[in-house]
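>>> Quick one, fold the following:
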Amino acid sequence: MKDIRLENHGKISIIVAIYNIEKYLEECIKSIIEQSYENLQIILVDDGSTDKSKEICNQYEKIDNRIQVIHKENGGLSSARNEGLKLANGEYISFVDGDDYLFPTFYEDLYNLINKYEADISECQFLRINENDIKKAKEIIEEYNNSLNLTEEVYDNNKALNLLYGARLNPYVKKVVVWNKLYKKEILQGISFPIGKLHEDEYTTFRILDKCKKIVSTNKCLHGYIQTNNSIMRREIKAKRVEDNLDAYIQGSKYFENEGKKDIEMKCRRRYLENCIELAGKVQNSSNTNKNELIKSIHELFLENYEKYIEKIKANCTSKDENEIIESIIVDAYRNLKETNKCIGSYWPSLESIINREL
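Next up, the predicted model:
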């Protein structure tokens with residue numbers, strides 16, 4: 001139910017990163033300005049678009065006085081988000097990609113959750129929606145929610161990080177992405193997105209979660225992640241995407257090592273190795289002409305960091321049983337990678353079993 005005292009609610013600054021997405025942008029902006037929660041600052045950051053995205057932003061700035069537009073030279077998603085943060089004056093922050101769809105109560109529900117539990121972050125479930133179904137996104141999400149037994153879960157930073165790097169893959173995307181969350185502004189102090197890097201969320205989310213005292217999560221879907229026809233094709237996977245994806249885990253491992261959080265460090269390093277295997281499989285199934293070269297590079301990174309990981313286990317694990325359990329997961333994964341260099345396909349079921357095994 002919509003709270004009638006919206007004028008007394010804190011302002012939410014929404015940072016919308018936009019680059020050449022004219023096909024989806026209007027639906028995204030409409031889903032924001034039609035939110036049941038009205039105390040919004042809507043910052044549209046046009047990151048040097050060369051299509052009609054710039055004109056669409058200017059058009060909606062004239063329609064809704066809550067909208068502010070930034071036009072800047074192309075600098076990437078991190079640059080766009082960082083520019084938006086400079087302008088944000090709300091007590092709460094939200095990040096949106098310009099091809100997202102927000103359910104009408106996205107901000108009302110997340111705001112109520114963050115205040116109900118006095119949390120630093122609230123987050124929701126999301127659904128992947130094909131671009132052909134954008135007009136039906138609201139109905140699709142409603143149907144999904146009607147089938148749920150709605151739940152709310154509250155946890156601290158340690159549990160959040162364990163979920164992020166835990167043995168099960170399913171919660172990972174929900175935990176790592178920034179666009180299904182509402183943040184108290186102060187929790188983002190000192191945080192910036194890495195310029196020139198892909199997989200921006202992997203570089204930043206672990207730092208944000210580690211600062212939190214309390215996070216609240218609902219299984220209610222409030223966000224539509226628009227799956228474009230281009231994004232679901234077997235397209236080429238760039239070497240930089242692989243490099244940055246893996247580097248984010250290395251940076252996380254170093255961060256937790258410096259913080260003295262050995263348990264989280266070990267899980268982050270394990271996820272790095274698992275990700276090597278998954279990426280190798282994606283490359284194998286891609287349209288890359290250089291797939292053998294790229295898989296070889298991933299394999300070499302796996303071997304290098306596998307040795308470091310085992311050394312860390314031996315140095316940090318006092319329990320022989322725990323040592324054997326953790327090492328067996330990586331040994332099994334390593335053998336499969338070494339023997340197949342394909343990783344997904346006939347191998348994937350065994351890998352999934354390894355990854356999902358509880359430590």
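>>> Stretch 26-42: how far from the chain's middle?
With C-alpha atoms, centre = their mean, to the nearest Å as the basis, stretch 26-42 stands 21 Å off its chain's centre.
>>> got the contact list for that stretch?
By C-beta atoms under 8 Å, 6 or more residues apart in numbering, the surrounding residues in contact with stretch 26-42 are 2, 6-7, 9-14, 16, 21, 44, 56, 60, 63-64, 66-68, 88-90, 96-108, 111, 134-135, 137. In this view, the C-beta of every residue, glycine as well, is placed from N, C-alpha and C.
>>> Make a PyMOL selection of the buried ones in these.
To isolate the buried members of these in PyMOL, using 16 or more other C-beta atoms under 10 Å:
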select buried, resi 9+12+13+14+16+21+44+56+60+66+67+68+88+90+96+97+98+99+100+101+102+103+104+105+106+107+108+111+134+137
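>>> Take the contacts of stretch 26-42 and keep only those in strands.
Residues of the contacts of stretch 26-42 located in strands (DSSP state E): 12-14, 16, 44, 67-68, 96-97, 100-102.
>>> Am I right that I237 is in contact with N288?
Yes. Look at I237 against N288 with C-beta atoms under 8 Å: they come within range, at 5.9 Å.
>>> which residues are in contact with both of these two?
Residues touching both I237 and N288 comprise L294, with contact defined as C-beta under 8 Å, 6+ apart.
>>> what's around E118, how many residues?
E118 has 11 neighbouring residues, counting by other C-beta atoms under 10 Å.
>>> Find the nearest non-adjacent residue to it, please.
Counting by C-beta to C-beta, 6 or more residues apart in numbering, E118 lies nearest to K214, which is 6.7 Å off, once chain neighbours are set aside.
>>> what's the one you found in contact with, if anything?
117-120, 154-156.
>>> which of these lies closest to L188?
Checking those against L188 by C-beta to C-beta gives D120 as the nearest, at 9.6 Å.
>>> Tell me, what's the model's pLDDT at the closest residue to R207 other than its chain neighbours?
Spatial nearest neighbour of R207, chain neighbours left out: I191 (6.1 Å); criterion: C-beta to C-beta, 6+ apart. pLDDT, I191: 95.
>>> how about I191, secondary structure?
Here I191 is recorded as coil under DSSP: H, G, I helix; E, B strand; the rest coil.
>>> After the helix or strand containing Y255, which helix or strand is next? Please name it.
Secondary-structure assignment from DSSP states H and E places Y255 in helix 239-258. Of the helices and strands lying after helix 239-258 in sequence (DSSP H and E), the nearest is helix 262-284.
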